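S.K.: Structure, please.
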Amino acid sequence: MTSAQIFLDEQGVTRDELLERAARAATGLASLGVQEGDTVALLMRNDFAFFEVLQAAAAVGAYAVPLNWHGKAEEARYILEDSKPKVLVAHADLLAPLRAHIPAGIQVIVATTPEQVRQRYGLAHAVCELQPEDLGWSAWTDRFEAWSQPPKRSRATMIYTSGTTGHPKGVKRNPASPEETQIYANLLKSVYGIEQGVRALVTGPLYHASPNAYGRQAFGLSEVLVMQSKFDAEETLALIEKHRITNAVMVPTMFVRILRLPKEVRDRYDISSLKWVTHTGAPCPREVKQELMAWWGPIVYETYGGTEVGTATLATPQDWLEHPGSVGVPTPGTRIAFYGEDGKPAPDGEPGEIYMRVPAYADFTYLNNAEKRKSVERDGLISVGDVGYLKNGRLYLCDRRSDMVISGGTNIYPAEIEMVLTQCPGVQDCAVFGIPDDDFGESLAAAVELIPGAEVSARDIQTYLEAHLAKYKVPRRIDFHASLPREDSGKIFKRRLRDPFWQATGRKI
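M.R.: Sure, this is the predicted structure:
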């Protein structure tokens, strides 16, 4: 039987080749002392080596911890200090600003940044190559014989999710039993349509939870798996046509950019092979999904959930067309309950904070912060902070957690930004929140109260934040206020600052 093909843009290898290299890498990880239950960190763009590391870590029973490479060095250092990996595998260009910030005791292995990635991101050759002192991933892997020990119990990727405390938390799942692994695989099949022989496309970065779960499942079952090194709307259509892609996972921002292509460009490509496209990570405007399905057909699925709980609901295309605005019905075995502000169960059909439990996902704890789970758990169910209600058996969201912003499918937590912004010279207090954005769904805005007499510009604030946070966390809009609206307790009335932006567009928060 011909081995499945794995592509990075136009470059391809076989799955067997990657599995053979992963087996060698597993032996290498074991030689460095990586044992069952340990962590292996990845600071990597989409690349063949990403899957090699995932497979190698799984073989020895370690958790893979992917780092968001948009972050600043201090953000990456925090996760490395918290997760305490024995090994960090990083692309050369991403490692460059982090070299001086890596905690002691971590073995760093460096992968050459692929040429197509270098070109897509406009990177210099020098920063993409290994340094003389580097332990190179490819040459290091070649030293070892293939791992031959029995496989360890399955461990999920440990995704770090931010929270209202401002610091990200590692969601650590218990090792899955064979039965739990099969239940999880069945759920992914119902959500992503992943089954033997599909031809799958990964458009987003593999450090994100959804592309990661989708990519790992597709790696084992697909006939063809294509990764984009960087999303490009027209290239997406070209790859669908060239590889006869059947399944893909995207976020609504990608839909918007594809739909904005001129009609003559869209008509240039045959995308009739597409059978199943799942979107997640952010709400999709009704008109966008309707326009997309008018073009692609009723093949667009929607999921809702969270890093802690997994995929809690699924809206099939037919169901969404009949019940537009819902995020679907609970996935098999999922329990959902709603609680009011008084902590009591909300009456049937009335909005309440959503608490969920998805049996397909192994139980979890927050790494190094087990007590934190108690603050989001009630009656054995977990909240990700959203408010909604059930109608005709379908979940409708009427408000997201008051602070979280979802921009282009990425969760952003203002508390983290506010914690940094309040340290900016001249700033007395601030509030950060999401406002409508045609491209990203939401973008960040900051309301700032200055220390009397301080002379600080919006650009001064953005420059300060850019030095401490990832660029996508820096508010595009900065407004100055003589005083910020506050409750009697002193807490800022953030909704008074945020709501006028949404009311002006007629969109709901």
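
S.K.: per-domain residue ranges of the chain.
M.R.: 15-152, 405-505 (automatic domain parsing).

S.K.: Quickly, which of the ones you listed bottoms out on average pLDDT?
M.R.: Note on those: domain 405-505 shows the lowest mean pLDDT, a mean of 88.

S.K.: Measure how far it is from the centre of its chain, please.
M.R.: In terms of Cα atoms, centre = their mean, to the nearest Å, the centre of domain 405-505 is found 22 Å from the chain centre.

S.K.: Then stretch 349-366?
M.R.: For stretch 349-366, the distance to the chain centre is 18 Å (Cα atoms, centre = their mean).

S.K.: Kindly check the end-to-end length of that stretch for me.
M.R.: 32 Å (Cα to Cα, to the nearest Å).

S.K.: so which of the domains of the chain is the most packed in?
M.R.: Highest mean neighbour count of the domains of the chain: domain 15-152, a mean of 19 (counted as mean count of other Cβ atoms under 10 Å). From N, CA and C alone the C-beta is placed, and that goes for glycine too.

S.K.: Could you list which residues are in contact with Arg378?
M.R.: 337, 339, 343, 355 (Cβ atoms under 8 Å, 6 or more residues apart in numbering).

S.K.: among the residues you listed, who's most crowded?
M.R.: With neighbours defined as other Cβ atoms under 10 Å, the most crowded of the contacts of Arg378 is Tyr355; it has 22 neighbours.

S.K.: who's in contact with stretch 169-176?
M.R.: By Cβ under 8 Å, 6+ apart, stretch 169-176 touches 61, 63, 65, 79, 82-83, 152-156, 158-163, 184, 307-308, 361-369, 372.

S.K.: Then Ile245 would be within a helix, right?
M.R.: No: Ile245: not assigned to a helix; according to DSSP: H, G, I helix; E, B strand; the rest coil it is coil.

S.K.: ok now stretch 202-216, how far from the chain's centre?
M.R.: 7 Å.

S.K.: what about it, how long is it end to end?
M.R.: End-to-end distance (Cα to Cα), stretch 202-216: 10 Å.

S.K.: tell me the average confidence for that stretch?
M.R.: The average pLDDT for stretch 202-216 rounds to 93.

S.K.: re earlier: I'd like the contacts of Arg378 as JSON lines, with secondary structure, pLDDT and distance to Lys494 appended.
M.R.: Below are the contacts of Arg378 laid out as JSON lines (DSSP: H, G, I helix; E, B strand; the rest coil; pLDDT from 0 to 100; distance: Cβ to Cβ, whole Å):
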{"residue": "Ala337", "secondary structure": "strand", "pLDDT": "95", "distance to Lys494": "27"}
{"residue": "Tyr339", "secondary structure": "strand", "pLDDT": "92", "distance to Lys494": "22"}
{"residue": "Gly343", "secondary structure": "coil", "pLDDT": "84", "distance to Lys494": "22"}
{"residue": "Tyr355", "secondary structure": "strand", "pLDDT": "96", "distance to Lys494": "23"}
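
S.K.: which of those residues lies closest to Ala233?
M.R.: Nearest to Ala233 out of the contacts of Arg378 is Tyr355 (Cβ to Cβ; 37.5 Å).

S.K.: Ignoring the adjacent residues along the chain, who's closest to that closest one?
M.R.: Of all residues not flanking Tyr355 in the chain, Leu381 sits nearest, at 3.6 Å (Cβ to Cβ, 6 or more residues apart in numbering).

S.K.: Of the domains of the chain, which is nearest Trp276?
M.R.: Per Cβ to Cβ, nearest to Trp276 of the domains of the chain: domain 405-505, 18.2 Å.

S.K.: Look up how far Glu353 lies from Asp342.
M.R.: 11 Å (Cβ to Cβ, to the nearest Å).

S.K.: That should have said Arg99, apologies.
M.R.: Between Arg99 and Glu353 the distance is 43 Å, computed by Cβ to Cβ.

S.K.: Report back the residue of this structure that's furthest from centre.
M.R.: Gly453 (41.5 Å; Cα atoms, centre = their mean).

S.K.: SS state for it?
M.R.: Gly453 - assigned by three-state DSSP - is coil.

S.K.: can I assume Leu188 sits in a helix?
M.R.: Yes: judged by three-state DSSP, Leu188 forms part of a helix.

S.K.: Give me the neighbour count for it.
M.R.: Neighbour tally, Leu188, other Cβ under 10 Å: 22.

S.K.: what does Gln11 give?
M.R.: Other residues close to Gln11 by other Cβ under 10 Å number 14.

S.K.: what does Ala370 give?
M.R.: Tallying neighbours of Ala370 according to other Cβ under 10 Å, which is how burial is gauged here, yields 10.

S.K.: can you give me phi and psi for it?
M.R.: phi -60, psi -30 (degrees, to the nearest 10).

S.K.: Let me see the contact set for it.
M.R.: Counting by Cβ under 8 Å, 6+ apart, Ala370 has no contacts.

S.K.: Can you check what pLDDT the model gives it?
M.R.: 87.

S.K.: just the one 4 residues further on next, same as before
M.R.: Here, the pLDDT recorded for Lys374 equals 89.

S.K.: what about it, is that helix, strand or coil?
M.R.: Assignment for Lys374 (three-state DSSP): helix.

S.K.: So for stretch 229-237, mean pLDDT?
M.R.: Per-residue scores along stretch 229-237 average to 95.
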